[in-house]
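A.B. asks: Attaching a predicted model along with its sequence, questions to come.
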Amino acid sequence: MTTLREHVAALDGADDLLRIEQRVHWATDAPAIAAEAARENGPAILFENVPGTARLVSGAYGGPDQMQPRTRMPWSRVAVALGRDGDLPYTRLLQRLSATASANATPTRTELAATYGESDPYSLGLPAVGSAAGPAVTLGLIAVSADDGTTWAPIRGAVKGSAELVASVPAALGDSLSPGTDATIALGAPLACLVAAALRWTGDAGYGDPLGIAGTLDEVSVAEARGGLVPASAEAILDGTVSDVGGRPSRRAESWEYATSTTEIGLRLTDIALRDDPLIPFTPVGAPLADDIHLAGLVEAARLYHRLNSYWGVTPVEWIALPVETKLGMCLVASEILYAGFEWQLANTLFSFSRLFDKVLVLDADAPAATLARAFDDMWVKAHPSHDWQFSEPAAPAATATAYRRDGTPGSRLYINATWDPRWDDEYIAPRVGFETSFPDDVREFVLDNWRDMGFSSTPEEEE
Amino acid sequence: MTVDSLREYLSLLESRGELNRISRDVSWNLQASAVTMRADQTDDAVPAFESVPNSGACEARLIGDPFRGSRRRPWDRIAGALGLPRGLTGGEYYEVVIDRLKSPVPPTVVDREAAPCKEVVAKGEQVNLFDLPWPYIHAGDGGRYSNLHTIVTSDPDSEWIDWSYHRAMIHSGTKASVLFLAGEQTPNLYYYKYERRDEPMPIAIAVGTEPAVSLSSVMWIPTGRDEADFAGGLKRAPVELVPCETNDLLVPATAEIVIEGSVLPGRRLDEGPFGDYFGYMHGPRRSMPVLQVDAITHRERPYVPFCVEGVGVGHTLNSSTTMEVACVGPDATLGLRTAGFDVERCAPWRFTPRTVYTVSTEVSRPGYLHNLANFIFTTWGMLHIDFFVFVDTDVDPLDQRAVLEAIAVNADPNEDFHQFGVETMPKVPLNIYQTPEEKGDAETGTSKTKTAKAYIDATRGDDAPARPDYLTDSELVRKARETLARAGLPLDVQSRSEAAS
């Protein structure tokens, strides 16, 4: 099991963690520092000196953009947090997440690592992110019990009063709640649990028991709390009861909220358990490359990958990505084009199964996985500016991750076909310029064998 | 201090540890290009091939992608060539170059004896293009090329001297085909003036010029204005020119090599295939105008610079993509401002040369953007560029991540993607989205089939959601960046704060 503490220690060991020892204000400074660190493609940030009882960490699940070649990929920290190597190829991560649709592993039961004591949500020192003026919960997990056991869902909320939380949860979960329902919020849970909760409640791809998914993604231990079974290693446990289920759609903030219908609930917090020297993760909502965008993009891509490769009886899709750089407003799909017009089917199937985006870029199956430099070159040079930029009639629902038509006014969707036309003769297909394709074997061998002797300092094998 | 020759520029790179003089034999036949491509792809030093077997009587040397910038600061080497301090931000660099372009400096003419390019003069029977080691750049190319040079020609009806940048494929000791695509200044002079009058077009190809000359040759200088003046503006000193041996043209005196001749009317030779700037082999072979060489002058043991085209896509830079961001971008920004448009910056798309540009502007009214797009699609040599992206001024066009976000989040497919008609606009055949039949083999080099041009309005709409203070409050952002810097994160404290404000 990769606990948050183990994950942060791994980031530290990999020189991918920066400690802020200067005292910073929880409400304003911490989110701004987290946002700027993310924008600068910086490491995760550990706030050692904040006024609350908890230390804070941001960027634990973030990562750099792909605008430059980098030693770490955008998903590297997520891979590490799931117990994998940081250089795990994107397709492997995608396949691993998507394959949990029917997961049913049983997590191990144990005791809570946190202990109950005198505390209140204000004293934690949670940062004010998004539109919240006060302490806010992000990257949270809510556990509630039903007839068939505990379920987990993502939760984001703002602390109100001394012990109230106004929170956003998936609407489908909200529908099952009523005032008085016991619930527990876990902060600083293992990433496998957060991903499992998001997979369960995002879209309709049939992902089931989040505890089973979490147990498949990683070795997860759970413990009893007021709301049911919760991740045992969680840094903070906030027990309480549902005080309000007004059925109002919540005002979206964290990225997972854009991928599903949400509802606002009230929670009255009764007890708080903390680990020693607790460590609580947060995401600078709205900032480029923020943790929540990474997680929501991966979850949605995995869900769509599972869906599309289960849809036609064949598995033509090589990879799907909602690049964090596009803030989930665009989806990239690399696929074999089975027949002329298949690209239309691909794009419109993606539109059918996701509410996030209204732009799809279709790439050939040999496009390197989630490699944006290549994808956003092919978009302009392979797609014909008029034939291959296809707009639907203006009757499609508005995408949720975009900044326009937020009143829900219908509009067009766009897909860009940057694949070779399967009707073209082979001789029309232009070979790509590259070291492997532009030079015969003996010339390449000459370069590689003599690289150092010629006085170069880079490693010649390290292309891009 | 501004450098005055290619050799001074190479010395500058060497002093910075950014030049790799390779003493072992490296062949012009794919080897030099392969080494250069690898150096480009790994962001390593610029290779100078000091020993080229079978290089010909001139004993010339090769330089692979000398103007290629470093990935994180593409403009740094060119800034050095112009005598600018190291460490300028992209915005600072743009504004300095724009200021210099606003103050052109006319060239001076020097005696032949003072011109390094006249150290060796070959005329008549002595002329042989194969005395020079023109590189064979990609397996599958139609031939050996000179592709990093300045073409000098004149308008037969005025005093205008035009410098440009069109590749030439070597055919014999005295002949080459030149890629002239109608719609650009020099090709237009040939197709619609000289050739219609059945007159040869005098031409000189200056190879291995001082950086300011090379840089001005790729810029979109208005018709009727001499690039030489703007090269002088860039270096804040006159460029020295010298008369040709066999025609009346003036050429840069410090050039490594000058090929003098004329482009013959009504004559064509094959050109291509070639690994082209957009990253793919472009073909099939096409018919292009013929250069007849009358004289070759050069320095002793001259350097022949070349560009490995096609590798400058994605993350990799080469000479042409570097010059696009460091020269064409500032020049285009100035051009738009001069035309009265409220433009903060115009920069090429990071991953794709000569196809897409991003323009940041304060004014985002639909009619304004349409006029702006209409102006640039019709006024510049727009046969290469298919798209413009407009963003708000708090989005830096040099920040590709921010531009991507703006397109994905702000550009509504319903109303922000604008095509100027379907199949109505001209296009060069250097593309891979048209079939060979669609490209045809027109006499003037453009594609037989027309295409579309489009612009994307990726500015924020009025209904865009409010952003939290920690993203927009410049003081809060500055404070955060100072904290990060103190903690050890290397960043520019000021630049993001300016953007945030």
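C.D. replies: Looks like it arrived, so ask away. Residues are numbered from 1 along each chain as shown, chains lettered A, B, ... in the order given.

A.B. asks: Quick one: low-confidence residue ranges for the chain.
C.D. replies: Using chain A. Within chain A, the set of residues satisfying pLDDT under 70 comprises A:1, A:204-206, A:460-464.

A.B. asks: wrong one, I was asking about chain B
C.D. replies: B:380-381, B:496-501.

A.B. asks: Give me the domain ranges for it.
C.D. replies: According to automatic domain parsing, chain B comprises the domains B:6-306, B:319-500.

A.B. asks: JSON lines for the ones you listed, including mean neighbour count and distance to chain A?
C.D. replies: The C-beta positions use only the backbone N, C-alpha and C, and glycine is treated the same way. Formatted as JSON lines, the domains of chain B follow (neighbours: other CB atoms under 10 Å in any protein chain shown; distance: least, CB to the nearest CB, whole Å):
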{"stretch": "domain B:6-306", "mean neighbour count": "21", "distance to chain A": "4"}
{"stretch": "domain B:319-500", "mean neighbour count": "20", "distance to chain A": "3"}
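
A.B. asks: Reformat the ones you listed as CSV; add distance to residue A:56.
C.D. replies: Shown next, in CSV, are those (distance: least, CB to CB, whole Å):
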stretch, distance to residue A:56
domain B:6-306, 30
domain B:319-500, 13
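
A.B. asks: Of all those domains, which one is nearest residue A:54?
C.D. replies: Nearest of the domains of chain B to residue A:54, taken as CB to CB: domain B:319-500 at 18.9 Å.

A.B. asks: Nearest to residue A:323, out of the domains of chain B?
C.D. replies: Using CB to CB, the nearest of the domains of chain B to residue A:323 is domain B:319-500, at 7.5 Å.

A.B. asks: Tell me the gap between the closest one and the middle of its chain.
C.D. replies: Mean C-alpha position of domain B:319-500 versus that of the full chain (CA atoms, centre = their mean, to the nearest Å) differs by 17 Å.

A.B. asks: and the residue nearest the centre of chain A, what does it touch?
C.D. replies: In chain A, the residue lying closest to the centroid (CA atoms, centre = their mean) is residue A:295, at 1.0 Å. Neighbouring residues of residue A:295 by CB atoms under 8 Å, 6 or more residues apart in numbering or on different chains: A:61, A:78, A:139, A:194-195, A:198, A:255-256.

A.B. asks: my read is residue B:406 is in a helix, agree?
C.D. replies: Yes - with DSSP: H, G, I helix; E, B strand; the rest coil as the criterion, residue B:406 is part of a helix.

A.B. asks: Spatially, what comes nearest to it if we skip its sequence neighbours?
C.D. replies: residue B:458 (4.0 Å; CB to CB, 6 or more residues apart in numbering or on different chains).

A.B. asks: Backbone dihedrals for the one you found, both of them.
C.D. replies: The phi and psi values for residue B:458, taken as degrees, to the nearest 10, are phi -100, psi 20.

A.B. asks: right, is stretch A:4-23 up against chain B?
C.D. replies: Yes - Stretch A:4-23 reaches chain B (CB under 8 Å from any CB of the partner chain) through A:18-22.

A.B. asks: what's that stretch in contact with?
C.D. replies: A:2, A:33, A:37, A:42-51, A:57, A:60, A:72, A:77, A:80-81, A:86, A:188-191, A:233, A:235, A:279, A:281, B:483-484, B:486-489.

A.B. asks: Just the ones in strands from the residues you listed, please.
C.D. replies: A:44-47, A:57, A:279, A:281 (DSSP state E).

A.B. asks: Quickly find the element holding whichever residue of the stretch 101-250 of chain A sits closest to chain B.
C.D. replies: Closest to chain B within the stretch 101-250 of chain A is residue A:130: 6.2 Å, counting by CB to the nearest CB. Under the criterion DSSP states H and E, no helix or strand holds residue A:130.
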